[in-house]
Structures are given as structure tokens and as C-alpha cells.
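> Need the 3D shape of this:
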Amino acid sequence: MAETQRAQEFRRLRTPRSAAVAGIVFAVLFAASLVLLRTALPADPFDETPWVSSGETRIKTALLLAPFAGIAFLWFIGVIRDRLGDLEDRFFATVFLGSGLLFLAMGFVSMGVAGGVLAIARHSGSSANDIVYFGREIMLQINHVYALRMAAVFMISLGTIWLRTGLMPRWLVVTTYLLALALLVIVDFSLWSTLAFPAWVLLISVYILVTGRRTRAADRSFRSAPVSWRRSRR
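Below is the predicted model:
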């Protein structure tokens, strides 16, 4: 009786179906913020043109999108962990979760530096050019070197989990490894190499969303079938 009453008072939390869209939201918002921020910066770090004032709108828009991209990425991590369930290994899960959180933290720090550069350039003018250049290089180093390396570790650990558990098809695991190794060894980071990570998250999210719908449809058809047919299937 007590167990029945407790079951009525407390219900097991279940991942909302809409959570699978979080990876798609992250991919779109993160890619948009990267493109806006990168196109606002000149190719030459010591360019004398007033690039901060000319790209102020794009930088502000990128800074506005970045926090929402980070929130969506946390939801994406939650979706991945929910899909793993009891198959999650402590070692690989620690590396997977730690690298994902480090990537997210470095991305926020990079955007914070970009906001500081924008504020200094707007209020100090040309008298703070050295500080603006310094802040720009810090932002690019954090984003293109350290954060992207953590993204590669995130992908490798997750690909290893999928390979050992068999939760994802082999072609998707191989694609994950190839993209992760490319992010690890590439020295000259361009905008296109940086966009490889959100493109990968988009691919994974679409796959999870499509296969999740198929699984739910199969479950509904199985439950609606006659009892005799369900027994024969078992």
C-alpha cells in the first residue's frame, strides 16, 4: 500500500520529445554567431580600418545568439545521455561530459572577450588599438584552438561510446572519428573548419530525431495490434 501511494506521489521524469531538436537549434545559432563574428573581423589582425565600428551590429548579434546556443548545447548533451541510459560507462562518460562543458565554457569566455573588445573600441576609439588587437587574438585563440580541441575530444569520446554500445550505425561513428581527427590536427583554422562541429551536431540531432520518431511509431503500432499477434511476435 505504501509503495502504491509513493508511486502515485512521485513519477519518473522522462526526456521531452522536443529535446531532440536542441542539437539543431545549437547548430543553427552557433554557426550563425561564428559567421557573424568572423565576418566582422578583418583577415589582417593589424588592419587599420575601423572594423569594430563597421561590424558592430554583427558582433552584437553574435553575442546575443551565443548564450541561447549554449543553452541548446546543454540540452543536446542531455539528449545524448538519455539515449545512452544504463549503457553509459563512467570513464568515457566523464571525458564526454567534461569536454562538452569545457567547450561550452570556453565558447562563453570567447564571446565575453568579444564583448569587452567591442566596449573598449566603442568608448576609447583609436587610443586603445593595442588592447583591441590583444583582445581579438585572445578571442580567436580560445575559440579556434582550445574550444575546438575540446569539441574534438567530445566527438572522439562519444564516437567510442557509440562504437562499443552499438547505439549508432558504423558509418556515423566513422564520420565522427574523421571529423574529430581533422579538428585535432588542423593548424590553420579557418571559418569552414570551425563550422565542422555544429554541422556534426546537426547531423547527429537529425538522425536521433528521425530514428526516435520511427521507434515511437513502431511502439504505437505494436501496442495497438491484437494481443494474439503481439504474443506471436514475442
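> What does the pLDDT read for Ala151?
Note for Ala151: predicted pLDDT of 92.
> May I see the buried residues of whatever helix or strand it lives in?
In this structure, Ala151 is located in helix 148-165 according to DSSP states H and E. Across helix 148-165, burial judged by 16 or more other CB atoms under 10 Å covers 148-162. Every residue, glycine included, has its C-beta placed from N, CA and C.
> what packs against the helix or strand that it is followed by?
Using DSSP H and E, the helix or strand that follows helix 148-165 in sequence is helix 170-185. Applying 3 or more CB pairs under 8 Å, 6 or more residues apart in numbering; DSSP states H and E, we find helix 170-185 packed against helix 148-165, helix 196-224.
> Helix 170-185 vs helix 148-165, what angle?
Going by axes from the mean of the first three to the mean of the last three CA atoms, to 10 degrees, helix 170-185 is angled at 150 degrees with respect to helix 148-165.
> check which helix or strand covers the most centrally placed residue in the chain.
By CA atoms, centre = their mean, the chain has its centre lying nearest to Phe73, at 4.4 Å. Element membership of Phe73 [criterion: DSSP H and E] is helix 56-84.
> Could you tell me the angle between the helix holding Ala151 and helix 56-84?
20 degrees.
> Mind listing residues that contact helix 148-165?
Residues outside helix 148-165 that contact it (CB atoms under 8 Å, 6 or more residues apart in numbering) are 80, 84, 87-89, 92-93, 95-96, 99-100, 102-103, 106, 167-168, 170, 172-173, 176-177, 179-181, 183-184, 189, 193-194, 197, 200.
> go again using 6 Å as the cut-off
Outside helix 148-165, the residues within contact range by CB atoms under 6 Å, 6 or more residues apart in numbering are 87, 92, 95-96, 99-100, 102-103, 168, 173, 176-177, 180, 183-184, 197.
> Return the item of those having minimum pLDDT.
Leu87 (73).
> what's near enough to touch that one?
The contact partners of Leu87, by CB under 6 Å, 6+ apart, come to Thr165.
> Roughly how far does it sit from Val206?
22 Å (CB to CB, to the nearest Å).
> was I right about the residue nearest to the centre of the chain contacting Phe26?
Yes: counting by CB atoms under 6 Å, Phe73 touches Phe26, with 4.6 Å between them.
> what about the longest helix in this structure?
Ranked by residue count and defined by DSSP state H, the top helix of the chain is helix 90-124.
> Could I get the buried residue list for that one?
Buried residues in helix 90-124, defined by neighbour count with 16+ other CB under 10 Å: 92-93, 95-97, 99-100, 102-104, 106-111, 113-115, 117-118, 120-121.
> helix or strand right after it?
helix 129-141.
> sorry, back to before: for the residue nearest to the centre of the chain, which residues are in contact?
Neighbour list for Phe73: 26, 104 [criterion: CB under 6 Å, 6+ apart].
> Any figure for the gap between it and Ile24?
Taking CB to CB, one finds Phe73 at 11 Å from Ile24.
> Please apply the same query to Leu167.
In terms of CB to CB, Leu167 sits 19 Å off from Ile24.
> Repeat that for Glu88.
Distance from Glu88 to Ile24, by CB to CB: 23 Å.
> So which of these two has more stuff around it?
Legend: neighbour count by other CB atoms under 10 Å for Glu88 and Ile24, higher for Ile24 (19 against 16).
> so the more buried one touches Leu203, yeah?
No: the pair Ile24 and Leu203 fails to qualify as a contact (CB under 6 Å) at a distance of 10.0 Å.
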